[in-house]
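**Student:** structure for this input, please:
(one chain, ligands or ions: 1)
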Amino acid sequence: MDHSTHLRFLDEDMRRLETLIAHAARADAGLQRKISSKENFQLLNLACGACNEAKTLAKVFGISDRANEENRNMKFIGLDVRDREIAEATARFRSDSNSQFEFINGDATKLEKYRELSDSFDIIFMRHQNLWNGKRTWEEIYHKALEKLSPSGRLIITSYFDREHEQAIEVIKNQGGQLLVTEANKDSRKLPFNGKSVDRHLAILKRK
Ligand SMILES: C[S@@+](CC[C@H](N)C(=O)[O-])C[C@H]1O[C@@H](n2cnc3c(N)ncnc32)[C@H](O)[C@@H]1O
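**Tutor:** Okay, here's the model as predicted:
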């Protein structure tokens, strides 16, 4: 795929992700309240890779690029185990004027190690959770994510596959999560692998 096609797909995927989150959030009054309030807000994006979704999440949850707009005080932390992707995310999104974006090259199964992480987050987001790539690892990631969630916080996941999504929800429930919303993305972009598509499903969960 050439670079301009890649960027076009990226833009479209982000527009569709924004619509998907906004639509699913309408079915969750607690999340809706969080989105519309002006209170300070902490978001942790786990296993974020190069964090293509950073600006989209910031937009959905209340900070804009425009300096003259009234932004809530939001902290956005992305974390991934791959150093190259985190370096790319830092170069793309972190700057003096965007100091609310922070990226950590780290292991999401060991969140307690990172002192820069606060005790609790309003939103923990995992785009394209990867349960099928290592059940034990992802069980631990979900467990640590739920521990870091505030009592009214929301864990939001997206998945590439139907069955992987269902299984991830079951695993998170077993770890103490409660499912609030799950939604199929009717505009999900198909990928060359059978049954795989971008942000094919989204689920919103909280702690029981
Ligand atoms: C399917 S990719 C999704 C990346 C990105 N969220 C996206 O949607 O493009 C799964 C990500 O999980 C990350 N990952 C796997 N195990 C991890 C761990 N223990 N701690 C942090 N990140 C991990 C991988 O490095 C990879 O970036």
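
**Student:** could you report the pLDDT at Ser99?
**Tutor:** For Ser99, the pLDDT comes out at 75.

**Student:** my bad, Asp65
**Tutor:** Predicted confidence (pLDDT) for Asp65: 48.

**Student:** secondary structure element for the spatially most central residue of the chain?
**Tutor:** By CA atoms, centre = their mean, the mean C-alpha position of the chain lies nearest to Phe125, the distance being 2.5 Å. Secondary structure assignment for Phe125, by DSSP states H and E: strand 121-126.

**Student:** just the CA coordinates for the helix or strand that that strand is followed by, please, in CSV.
**Tutor:** Proceeding N to C from strand 121-126, the next assigned helix or strand is helix 135-147, under DSSP H and E. Provided in CSV are the C-alpha atoms of helix 135-147 (Å, rounded to 0.1, in the frame of the first residue of the first chain):
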residue,chain,number,x,y,z
LYS,A,135,-4.4,-15.5,26.6
ARG,A,136,-2.3,-15.4,29.8
THR,A,137,-0.8,-12.1,28.9
TRP,A,138,-4.1,-10.5,28.0
GLU,A,139,-5.8,-11.9,31.1
GLU,A,140,-3.2,-10.1,33.1
ILE,A,141,-3.5,-6.9,31.1
TYR,A,142,-7.3,-6.8,31.6
HIS,A,143,-6.8,-7.5,35.3
LYS,A,144,-4.3,-4.7,35.7
ALA,A,145,-6.5,-2.4,33.7
LEU,A,146,-9.5,-3.0,35.9
GLU,A,147,-7.3,-2.3,39.0
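
**Student:** and helix 135-147, which residues are buried?
**Tutor:** Along helix 135-147, these residues count as buried under the neighbour rule (16 or more other CB atoms under 10 Å): 137-146. C-beta here means a position set from N, CA and C on the backbone, and glycine is covered the same way.

**Student:** and for stretch 159-171?
**Tutor:** Neighbour-count burial for stretch 159-171 [16+ other CB under 10 Å]: 159-161, 164-165, 167-169, 171.

**Student:** one more: stretch 179-191?
**Tutor:** In stretch 179-191, counting by 16+ other CB under 10 Å, buried: 180-183, 185, 188.

**Student:** check stretch 103-120 too.
**Tutor:** Quick answer for stretch 103-120 (16+ other CB under 10 Å): 103-109, 111, 117.

**Student:** packing partners of the longest helix along the chain?
**Tutor:** In the chain, with assignment by DSSP state H, the single longest helix is helix 3-25. Applying 3 or more CB pairs under 8 Å, 6 or more residues apart in numbering; DSSP states H and E, one finds that helix 3-25 makes contact with helix 29-36, helix 54-60, strand 149-159, strand 177-184, strand 201-207.

**Student:** dump those to JSON lines, plus distance to the ligand and mean pLDDT.
**Tutor:** Output for the helices and strands packed on helix 3-25, formatted as JSON lines (distance: least, CB to the nearest ligand atom, whole Å; pLDDT from 0 to 100):
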{"stretch": "helix 29-36", "distance to the ligand": "20", "mean pLDDT": "92"}
{"stretch": "helix 54-60", "distance to the ligand": "10", "mean pLDDT": "92"}
{"stretch": "strand 149-159", "distance to the ligand": "7", "mean pLDDT": "97"}
{"stretch": "strand 177-184", "distance to the ligand": "17", "mean pLDDT": "98"}
{"stretch": "strand 201-207", "distance to the ligand": "12", "mean pLDDT": "98"}
